[in-house]
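A.B. asks: Requesting a structural model of the entry that follows:
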Amino acid sequence: MCSNERPYCQKCTSSGRQCEGYERERVFITGTPQTKGRVASHPKKGSSPRTQRSPSFKEPPRTLDITPIHPLTSAWEDRTLVSSQGAECSVLVSALHTKLPYILSDDDSAHDDPASFNITFPPYAPSDLQSLMGNGDFGIKAQCLARLPNTYDQDDSVQSYCIFFFEHDAGHAFGESGSDQMRRMGPAYFSHFPNHHFFVRVYRPLAIGFALLTRQDTFIASPDWKNVPWQRHPKSLLDHLLDLVLLLPAIFAQVDQVLPYEATLNRRHHAQQLLQNCLSLERHFDAWLELANRPSYEYPIPYWTEELVSPEGLIPFPDLYTFKDGNIGLAFLYYWMSQILFHRCIESLHHAIYQPVIDAYPNMWPELPFDLQIDVTRYQHRRMFAADICRGLGSVLHHTVQPDMLIMPMTVAMDLYREIHTTSQDGLMEIMWIDNFRSRLIEKGQHVAGVLQNQRCPDGHVFQVEYAGEAVKRGTCAVGVKGADVVVLGCEKRSAMKLQDTRITPSKIQVLDHHVALAFAGLNADARILVDKARLEAQSHRLSVEDPVTIDYITKYVAGVQQRYTQAGGVRPFGISTLIVGFDKGSNVPRLYQTEPSGIYSAWKANAIGRSSKTVREFLERNYKEEMDREATIRLAIKSLLEVVQTGAKNIEISLMAPGALIETLPTSEIEGYVKEIEQEKQEEAAKKKTGRTPGTGTAAILTRSQDDSAAE
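C.D. replies: Residues are numbered from 1 along each chain as shown. Predicted coordinates for the structure are as follows:
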């Protein structure tokens with residue numbers, strides 16, 4: 001049988017086929033309960049062999065081995081060069097917190113194409129170490145999933161990933177804790193790819209965060225665990241910093257043992273020893289900071305400040321930091337985080353040392369050696385470090401592909417601001433800012449999950465744009481119809497709840513300027529932001545050009561804003577489509593345009609967006625006529641909406657524009673009149689179809705002739 005110890009079994013050798021075993025520490029072969037232990041190179045029993053691409057071409061069997069290419073780089077580099085099946089490719093390395101049972105779906109297509117797999121996620125939620133503090137031991141469950149381009153496919157658009165999915169493991173399988181499992185594997189197990197990248201990018205940062213929060217030492221602080229995993233891969237600046245941070249939990253644990261005792265000479269002596277250890281460690285932190293600030297050829301400084309040009313709310317910081325790259329930013333965030341905890345520890349030790357002791361009376365006050373005589377005010381600027389963390393979070397979030405790494409610095413900063421707010425009623429603005437940033441982090445994590453979840457589709461789709469399109473399809477329907485000298489917008493109104501104040505219920509039809517209006521389908525909050533931007537542009541155009549915007553100009557502007565949000569990091573597309581109508585200055589020709597979340601815009605005679613828009617559009621195609629007057633245009637708009645609105649006039653909103661006039665919104669009573677006429681027409685048409693004839697009309701002759709013809713047949 002193929003195994004790790006016997007990569008070439010006798011059965012495979014005697015049968016003359018290549019063994020599908022694997023070499024030690026070079027490959028992850030994943031078998032899950034959902035797939036009944038099968039892996040990519042072992043198909044289902046009774047499955048038919050794969051169809052060959054051509055009679056003359058035979059694809060060799062797929063081997064599962066991934067080897068990094070020398071010179072090896074730090075595990076914190078987001079991309080690493082690997083070799084697989086003799087081909088080299090650049091692999092994106094990342095990690096994501098998620099529920100492991102949702103990773104691989106039992107999809108038959110995955111067995112037909114081992115390079116293709118399907119991933120399904122629950123809604124992304126960032127890791128939460130504080131919820132595990134009562135469990136006593138830290139452990140995580142993880143799964144590595146690699147996706148490489150097929151050598152024989154010649155498709156350059158295929159993206160390559162090596163992703164570590166993980167979740168916190170609270171239970172101990174078979175009585176073995178998470179730390180016991182890691183000790184059993186040993187540090188040498190994590191010196192090769194991809195185990196090394198898992199240890200460096202996932203396990204060690206999470207274990208350090210858990211140790212800092214619980215203030216307990218961890219086994220990975222030993223020299224072997226600091227050196228052996230990096231035998232082949234170089235250490236980064238962040239790795240060197242974490243080596244120092246690993247010394248803090250042991251110090252915190254000793255401080256927690258000393259401080260609760262009464263103020264005695266013995267307690268003071270232990271506190272002095274701990275303070276001496278802290279000051280020695282502080283010198284190492286200072287040396288690291290000097291190294292981090294060392295100028296490079298491309299960047300004289302590691303980060304710089306940028307002013308907030310247009311803050312959309314009350315922001316408690318004067319500016320934000322921009323880092324030269326994501327890894328440098330992550331290193332500084334963890335440095336500032338460690339200093340908050342470290343300086344609190346030093347201040348508490350200094351306070352304990354200077355407490356008067358009873359058993360030394362009358363010499364109750366300490367006489368410290370010169371090296372322990374510190375200025376304690378240097379260690380009371382923890383709020384400054386918390387502000388530095390907040391000012392740098394945005395830049396790091398923009399660069400990183402592993403948003404869970406920001407949770408620990410955010411947690412420490414949030415705890416400090418909550419402590420300040422409890423004691424002095426200050427820090428509330430910072431707390432609200434971090435809460436808001438957490439939602440941005442969740443959006444980034446969901447974006448990473450969305451890319452992975454849809455990575456079976458390497459055909460150029462932008463998945464976030466498709467998500468925005470789905471939001472449009474779930475929005476209420478809106479229609480636009482052009483007449484001879486009028487243009488009508490109609491939309492479906494949602495029924496107001498019993499206790500809702502309908503006076504401030506936002507309308508789906510918005511005025512951008514005196515001569516241009518917009519209707520939308522999709523997310524109301526997104527529409528509010530986009531409408532505000534369009535109104536501002538229209539007013540700026542009036543002030544600078546002294547003429548109102550043309551309908552074509554404002555449509556291009558709205559579409560341009562939507563398009564920009566499809567190609568920037570840290571943002572998502574607007575989840576709305578719009579219908580823009582109006583008349584240009586001095587023109588009697590109505591204009592009707594549509595914009596989509598992707599930024600595409602087009603001109604129409606009549607169109608529909610939102611829920612059941614396809615049905616409404618087909619109705620408009622059958623019934624639209626050129627040069628309709630005002631009454632006919634309004635009737636067609638209402639009639640098309642009644643295809644999807646079953647509750648009558650109370651859930652329909654109609655507005656129209658004419659040349660040189662402001663937008664006019666029809667009252668509900670007038671809409672009810674149109675609806676009654678339309679319903680009466682439908683009843684008459686239904687009666688005609690039921691009887692098959694109407695005396696004195698041409699339709700009856702046609703129907704009778706059709707029946708005679710059919711009878712003759």
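A.B. asks: who's in contact with Arg204?
C.D. replies: The neighbours of Arg204, taking C-beta atoms under 8 Å, 6 or more residues apart in numbering as the test, are 220, 242. In short, each C-beta sits where N, CA and C put it, glycine included.
A.B. asks: Please identify the helix or strand for it.
C.D. replies: Using DSSP states H and E, Arg204 maps to helix 204-214.
A.B. asks: Just give me how far that helix sits from the chain centre.
C.D. replies: 24 Å (C-alpha atoms, centre = their mean, to the nearest Å).
A.B. asks: Just after it, pick out the following helix or strand.
C.D. replies: Scanning forward in sequence from helix 204-214 by DSSP H and E, the next helix or strand is helix 223-227.
A.B. asks: would you list every one of the helices in the stretch 51-200 of the chain?
C.D. replies: 108-112, 178-185, 195-198 (DSSP state H, counting those that start in this stretch).
A.B. asks: ranking the ones you listed by burial, who's on top?
C.D. replies: helix 195-198 (a mean of 22; mean count of other C-beta atoms under 10 Å).
A.B. asks: Identify the residues contacting that helix?
C.D. replies: Contact with helix 195-198 is made by 25, 75, 80, 93, 95, 142, 144, 162, 164, 189-190, 229-230, 232-233, as judged by C-beta under 8 Å, 6+ apart.
A.B. asks: Please identify which of those residues is nearest to Val581.
C.D. replies: Among those, Ala95 lies closest to Val581 (C-beta to C-beta), at 48.5 Å.
A.B. asks: Can you give me the neighbour number for the closest residue to the closest one other than its chain neighbours?
C.D. replies: Excluding its sequence neighbours, the residue lying closest to Ala95 (C-beta to C-beta, 6 or more residues apart in numbering) is Phe164, at 4.1 Å. As a burial measure, Phe164 scores 22 neighbours (other C-beta atoms under 10 Å).
A.B. asks: so who does Phe164 touch?
C.D. replies: For Phe164, the contact set (C-beta under 8 Å, 6+ apart) comprises 94-96, 142-144, 194, 197-198, 201-202.
A.B. asks: same question, Ser296
C.D. replies: Residues near Ser296 by C-beta under 8 Å, 6+ apart: Lys324.
A.B. asks: Angles on the backbone of it, please.
C.D. replies: phi -110, psi 180 (degrees, to the nearest 10).
A.B. asks: quick one: it and Leu237, what's the gap?
C.D. replies: With distances taken as C-beta to C-beta, to the nearest Å, Ser296 is found 12 Å from Leu237.
A.B. asks: mind checking which helix or strand the closest residue to Pro302 other than its chain neighbours is in?
C.D. replies: Using C-beta to C-beta, 6+ apart and skipping residues adjacent in sequence, the residue nearest Pro302 is Ile328, 5.0 Å away. Ile328 belongs to helix 326-353 when elements are defined using DSSP H and E.
A.B. asks: Report the buried residues of that helix.
C.D. replies: Neighbour-count burial for helix 326-353 flags 326-350, 352-353 (criterion: 16 or more other C-beta atoms under 10 Å).
A.B. asks: repeat for stretch 250-257
C.D. replies: Buried residues in stretch 250-257, counting neighbours by 16+ other C-beta under 10 Å, are found at 250-252, 254-255.
A.B. asks: follow-up on the earlier one: would you turn the helices of the stretch 51-200 of the chain into JSON lines with distance to Gly394 and mean pLDDT?
C.D. replies: Below are the helices of the stretch 51-200 of the chain laid out as JSON lines (distance: least, C-beta to C-beta, whole Å; pLDDT from 0 to 100):
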{"stretch": "helix 108-112", "distance to Gly394": "38", "mean pLDDT": "44"}
{"stretch": "helix 178-185", "distance to Gly394": "33", "mean pLDDT": "85"}
{"stretch": "helix 195-198", "distance to Gly394": "26", "mean pLDDT": "94"}
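A.B. asks: Including distance to Asp415, could those go into TSV?
C.D. replies: Converted to TSV, the helices of the stretch 51-200 of the chain look like this (distance: least, C-beta to C-beta, whole Å):
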stretch	distance to Asp415
helix 108-112	44
helix 178-185	24
helix 195-198	28
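A.B. asks: Identify whichever of the ones you listed lies nearest to Gln646.
C.D. replies: Evaluated over those, closeness to Gln646 peaks at helix 108-112, with 39.8 Å, by C-beta to C-beta.
A.B. asks: ok so, going back, quick one: which of the contacts of Phe164 sit in strands?
C.D. replies: 94-96, 142-144 (DSSP state E).
A.B. asks: Return the members of the residues you listed classed as buried.
C.D. replies: Here, 16+ other C-beta under 10 Å leaves 94-96, 143-144 buried among these.
A.B. asks: Looking at the residues you listed, which one is closest to Val545?
C.D. replies: Closest approach between these and Val545, by C-beta to C-beta: Ser94, at 47.6 Å.
A.B. asks: Setting the sequence-adjacent residues aside, check what's closest to that closest one.
C.D. replies: Using C-beta to C-beta, 6+ apart, the nearest residue to Ser94 is Val401, at 4.3 Å.
A.B. asks: hang on, isn't Asp325 packed against Thr400?
C.D. replies: No: Asp325 is beyond contact range of Thr400, at 10.2 Å (criterion: C-beta atoms under 8 Å).
A.B. asks: out of the two, which sits in the more crowded spot?
C.D. replies: Neighbours per residue, other C-beta under 10 Å: of Asp325 and Thr400, the larger number sits with Thr400, 21 against 16.
A.B. asks: Report the contact partners of the more buried one.
C.D. replies: Residues near Thr400 by C-beta under 8 Å, 6+ apart: 326, 330, 406, 444.
A.B. asks: Among those residues, which one lies nearest to Glu643?
C.D. replies: Lys444 (40.1 Å).
A.B. asks: I'd guessed the closest one sits against His399; true?
C.D. replies: No: assessed by C-beta under 8 Å, Lys444 is found out of contact with His399, at 10.6 Å.
A.B. asks: Look at those two and report which has more neighbours.
C.D. replies: Lys444 (22 against 18).
A.B. asks: In contact with the residue lying closest to the more buried one once chain neighbours are set aside: list those residues for me.
C.D. replies: Excluding the flanking residues, the one nearest Lys444 by C-beta to C-beta, 6+ apart is Pro403, at 4.7 Å. Pro403 makes contact with 126, 397, 441, 444-445, 448 under the criterion C-beta under 8 Å, 6+ apart.
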